[in-house]
Each structure stands twice: as structure tokens, then as C-alpha cells.
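> sequence plus the predicted model coming up.
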Amino acid sequence: MTIAEQIWNSLQTITNWKEVDTVLYGIAFKKIDATALDEVVTNEADAKNWLNVAKALTRAEIIGYSSPTIEEKTKEFLSNCPFFSSAKLPKTSTEGWSNWGHCVLNGYKWSKQLNWETDRWDVSNGYEALYKFRFKQPAVYWFCNIDTGEVERLFGGRWHQCGMLISLWTKFMEVGEGRAWSAVNMEWNNLNQNYWKNDHYIYAPEWPDWEMRFDMVATNIIKAYRLLPHILGDYIFRIKIDLEKRLVLSLWNSPQWGGYKVCVHHYAGNMQRRLDPTMGAWMILHAFYRIMSDKAKRNIRTMLLGEGVTKASDAILESELFDSASNRFRRANDDTWSDEWTAKGCAALFYTAIVPNTGALAIPIISEGTGTAYPNDTFNPTHFEFDYLNRTVKVPLYAGKVGFQFGTKLVEEVFPFDGIYKITFSQDWNSILQKTKVGDLTGLYVEKPRLPTPMEALLTTFGTMMTAFPIYALGKTLIKKTKESVS
């Protein structure tokens, strides 16, 4: 069965596309249209699930969808999202604050745009409260309650929480709090001082080695770099080194695959197989392909093409994450089959059907704090489409030769310009009938590294001096575990 046929067969098993974590996939796979976001956000608002309302509103913003319903529910969110009693900071739940859900901070921006509840949504007050709370802590955390002082962390603070906190402070900058650059700098220093181990980032001080949320850390750092290149100027080198060692240089024997050819939760401490990082792996390898070493590029192509090794798409379909009898996917090898993860499995297969050469897939870097499965927002209909019945796909590409293997053989085509292309295939998907550039690469993508200007270098030195904080000098010896949480 071809990749195109398998994607189509799996899509046919999905009955509900109108959930907050499936709606963008449904639009991209041509199963619903953007108006479905109205129903999604209305249902979440009726349920008073304000975090999911923020997710749906953020996803509408990502694809540029607006409507009277979206505006009405935005105002409803701004009036009803719960706040801490001690600060004008929104909660992500009735219990407190989770870094995973910082899309609620978009409320500061929406309040100004709509001139609605502006006294309630005071970004300076909210930032100051969370900043002071965070930098009294000896280690990173995933949950807190600034009213009660409660903090939850695991294994002395996990590395992807460093990435999430970088994304959190970056979001504060985006919604109008310019002082947050210093917090980004401190989180970046913390990540590199306490989690970098020669050629990769470790999971946690108390549980090192290879953990699956590499796509989350990479995307968050890339997003911060856009705003602060003078501070994060060397970010791309360590991320590149980490990804190559973690996923590529030893082909399927690279550690994050754990010998299973799909990503494991934590090598070698937790060998649970997971679909979300497997999808994230192919997303982030496409994103970084142009700046990787020649050996890494060759190995990426080898794995995608199956030249002397298992083909990447076959690795997914032969894993415990896929059920050939039902054509459905699941999040982990010990989970149940679901609509949500079948949609994401189809997106993972889509990524393995694209083979970079002199050109490459241009992955939009989108990190909005809408949950732990970061590719949810990246595979969106502004950039991607798969229309099986009309044999067309839409993809963002860097100029050059790019291959497609939706059919039984590789089809390569030269694309003269960077851009978003709509491509029509033959009946058997084995040749290209038409290619049309339908948009430009607008947004955030992985940039090739550059040296900082003299002024940027001076700002880096000054910023490091000004944001130096005793918390990082304490090191691992003072890291204490508080309330344990499920990893």
C-alpha cells in the first residue's frame, strides 16, 4: 500500500474532527473547513474550559480565521478566564498555572485589540508576579500556584521545562512586556549550564540521557532567537549537534529511536514507544536539514528512502503505534487507538513522504503553548494540505530539488523559488502533473546561523552580566524535588 493510500484509509476511520486538538488537521486533510473553529470554540466556552477556548482562539489566529463567533468568544474568554487572587495573571486551570498552557497569555494582546477588559488584563502586573515567583525557585517546574506557593517538578527539573519557560517569557515579549528578554536569557543560561552534556541535552539532573521532547526545546529556542539574536546567537549549533547525535548519525541505532525505529520516551530509562515525538522527529529533521552536516543529510535521506535500512514510513506502520486491522494510530504502545492520534499519525506519514535534496521542506516554527504535542500547530492548512481525491498536496518548500514518495516510487522536482506550493499528481501518484506557487514563506523558519554584529555582541555581554542570578550558581546540589507528577 502506498503512503497516499494509507493516509487516506486512516483518515476514513476518523469520525470527529471538531475537537480542539484535531480541528487544524481536519482542515489540512480537507475533511472540514475553517468554519469548524466556530463550533469548537463555542463548545469549549459552553463547557467553561477556558484553556481550550484559548487554544481554539490561538489556532484560529494561526491560520488567519476570523468571524463574529470568534470575536464573541474572545470577549467571553477575556471576561471569564480565571485569575490568581494575588496578581492580574490568568490561570491555565482552576488549580493554578501550567507552563504547557501559556497560550492564555494571548489574552493580554486580545484585550488591547478589542479594547475589552483592559483593566483586568494588565500584562506588567502579571509578568512581575510570575517572574518574581519563578526566580525564587532553585529549579525549573511545570506547574505552580503563585497564590499558595505550590510547585510541581520531577527529577530535579526536566530539560523541556527549560524550553517551555523560554517559550513562556518569549510569549510575554510578544504580548507587550519588553522586560521579559532578561528572563529568556536566564532560562537559556540555565539550560546550557545544567543540561548540556558534550553532544546532547540530558533529560534531568537526576535522570540524564535522551528524552523525547527535543522538538519542543528546539522550536522554543528558535522562536526566542527571532526576538533576541544577540543573546541566543549560538543556539543553532547546540540544537543541531543534539539532533544529529540523538536521531541521525547512527541511523536507526541513534539513541532516541531506542532500537524500535520510532521514538522512545527516555533512552535508556523508559522504553515506551511514542507517536508524538516520532512525528516531531520528522518535523524537526526537515526543519534543520539545510544546516546539518553532509553525513546527517545523507542519513536523513537514507532513512526516508529506505536505502539498506527500514524506510521511515514502514518503521511507523510496522510499530506498535499502528494497527493494520483498523488503520488507526495511538499515542503510545500502551494507549488506546483514537481519532486524535490517528490524525497525527497521518501527519507523521505525510512528513515521511517528503525527501529533501538540494531543496527541503520549510517547516513553520510555531510554539504557542497549546499543549505538549507541539506539531499540532505546525501541521496547519496555511502551510499543508492533503487532498487524496484530487491528488494534490500543499507544502512549504525551500528552493531546489525535492522528492515525493506518495506513490510507489520517488518523484523529484525542482522548485525555483522558496514558497508554498500546490502540487498535482498523476492517478498513481508517481509523476507530477502541475506545480503552482500559491504563497510566500511568511513567518518563522530555521535560519542559517550568522555572527552577531559588534553591537549585538556588546548587548550579549551586558545582558549576561545584568541577568546573572544566584539561582544558577547554586547548581544541582540545591535542587529539591517537590510534589511528584506523572511524566
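Done, it's in.
> contacts and neighbour counts: CA atoms only from here.
OK.
> what is the burial count for residue 150?
Other residues near residue 150 come to 12 when the count uses other C-alpha atoms under 10 Å.
> what of residue 80?
Count around residue 80 with other C-alpha under 10 Å applied: 13.
> where does pLDDT dip in the stretch 301-450 of the chain?
For the stretch 301-450 of the chain, the stretches with pLDDT under 70 are 373-374, 448-450.
> the stretch 51-200 of the chain now?
Using pLDDT under 70, nothing in the stretch 51-200 of the chain is flagged.
> remind me what the helix or strand encompassing residue 107 packs against, helices and strands.
Assigned by DSSP states H and E, residue 107 belongs to helix 106-114. Helix 106-114 sits against helix 50-62, helix 68-80, with contacts defined as 3 or more C-alpha pairs under 8 Å, 6 or more residues apart in numbering; DSSP states H and E.
> what angle sits between the last one and helix 106-114?
Between the axis of helix 68-80 and that of helix 106-114 there is an angle of 120 degrees, by axes from the mean of the first three to the mean of the last three C-alpha atoms, to 10 degrees.
> so which bits of helix 68-80 are buried?
70, 73-78 (16 or more other C-alpha atoms under 10 Å).
> about what we covered before: now do the buried residues in the helix holding residue 107.
106-111.
> for it, what is the distance to the chain centroid?
23 Å (C-alpha atoms, centre = their mean, to the nearest Å).
> need the contact partners of that helix.
Contact with helix 106-114 is made by 54, 58, 74-75, 77-78, 117-118, 121-123, 171, 175-176, as judged by C-alpha atoms under 8 Å, 6 or more residues apart in numbering.
> how close does residue 56 get to residue 70?
9 Å (C-alpha to C-alpha, to the nearest Å).
> ok, back up a step: for residue 393, state which of the buried residues of helix 68-80 is nearest.
The nearest member of the buried residues of helix 68-80 to residue 393, counting by C-alpha to C-alpha, is residue 70 at 28.2 Å.
> surely the closest one is in contact with residue 40?
No: the criterion here is C-alpha atoms under 8 Å, and residue 70 misses it with residue 40 at 10.1 Å.
> thought residue 157 was touching residue 207?
No: between residue 157 and residue 207 there is no contact under C-alpha under 8 Å: 9.6 Å.
> before we move on, back to that, right, so of the helices and strands packed on helix 106-114, which gets closest to residue 189?
Closest of those to residue 189 is helix 50-62, at 29.1 Å (criterion: C-alpha to C-alpha).
> tell me which residues in that closest one are buried?
By neighbour count on 16+ other C-alpha under 10 Å, the buried set for helix 50-62 is 50-60, 62.
> also stretch 124-143?
Quick answer for stretch 124-143 (16+ other C-alpha under 10 Å): 124, 126-130, 134-135, 138-143.
> restricted to helices, list those residues.
Members of those lying in helices (criterion: DSSP state H): 124, 126-130, 134.
> pull the contacting residues for the closest residue to residue 45 other than its chain neighbours.
Distance criterion C-alpha to C-alpha, 6 or more residues apart in numbering; nearest residue to residue 45, sequence neighbours excluded, is residue 53 at 6.0 Å. Applying C-alpha under 8 Å, 6+ apart to residue 53 gives the contacts 41, 44-45, 73, 77.
> can the residues you listed go into TSV with extra columns for distance to residue 392?
Listed next are those as TSV, based on distance: C-alpha to C-alpha, whole Å:
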residue	distance to residue 392
41	29
44	33
45	35
73	34
77	38
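> which stretches of the stretch 351-487 of the chain form helices?
Taking DSSP state H, counting those that start in this stretch as the criterion, the stretch 351-487 of the chain carries its helices at 375-378, 454-467, 470-473.
> which of these has the lowest mean pLDDT?
Mean pLDDT across the helices of the stretch 351-487 of the chain is lowest at helix 470-473; the value there is a mean of 32.
> could you check the pLDDT of the closest residue to residue 27 other than its chain neighbours?
Nearest residue to residue 27, sequence neighbours excluded (C-alpha to C-alpha, 6+ apart): residue 33, at 5.2 Å. Looking at residue 33, its pLDDT is 97.
> these two touch, right, residue 33 and residue 24?
No: in this structure, residue 33 is not within contact of residue 24 by C-alpha under 8 Å, at 9.1 Å.
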